[in-house]
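Asker: just coords:
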């Protein structure tokens, strides 16, 4: 376990990493290609720009593709923009954003490694680039509001980087293999 945390801590700049991981909530086992040490703040700026520059043609196409009204898509985009702007300012952050900031402590100069303060568990923060499911998990049926569904479709349609942010819990049960460059680490 320490080898994996040490390896991630030593990565210099953004790095592509392959890992085999089992989700603690669903039981799904999958191969993941992730990007470490990316700047979430930069991703917010990029995604904010993308949404602010969305054209009516893009909005119309998204609405048609996912069978939403144009008004609902516009509302979803405006809600995402408002959320990004509010969460950039410590005085207007959402309770969820505040809780996330207060729950994790990051390793020195490494936003990739985080320790959950109360659980004392280590997490790898990364951008998920690709996932191949090896073993299906048990997925809950979620009843989302129309606006939430539309926001998810906005994230997908515009390929928003912030929507690809993932936090992987580092335990023997979850991490099976990690490939960093030519180095292969296994926990099994």
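Answerer: Yep, that arrived. Not measured: the values here are computed from a predicted model.
Asker: And the residue nearest the centre of the protein?
Answerer: residue 165 (1.4 Å; C-alpha atoms, centre = their mean).
Asker: longest strand anywhere in the protein?
Answerer: If you go by DSSP state E, the chain has its longest strand at strand 122-135.
Asker: Packing partners of the helix or strand that comes right after that strand?
Answerer: As assigned by DSSP states H and E, the chain's next helix or strand after strand 122-135 is helix 146-157. Packing partners of helix 146-157 (3 or more C-beta pairs under 8 Å, 6 or more residues apart in numbering; DSSP states H and E): helix 56-66, helix 70-88. All C-beta spots, glycine's among them, are computed from the backbone N, C-alpha and C.
Asker: switch to 10 Å and redo it
Answerer: helix 40-52, helix 56-66, helix 70-88 (3 or more C-beta pairs under 10 Å, 6 or more residues apart in numbering; DSSP states H and E).
Asker: hmm, back to that, buried residues of the longest strand of the chain, list them for me.
Answerer: 122, 123, 124, 125, 126, 127 (16 or more other C-beta atoms under 10 Å).
Asker: same deal with stretch 144-161?
Answerer: Result for stretch 144-161 [16+ other C-beta under 10 Å]: buried residues 150, 151, 153, 154, 155, 157, 158, 160, 161.
Asker: Great, nothing more from me.
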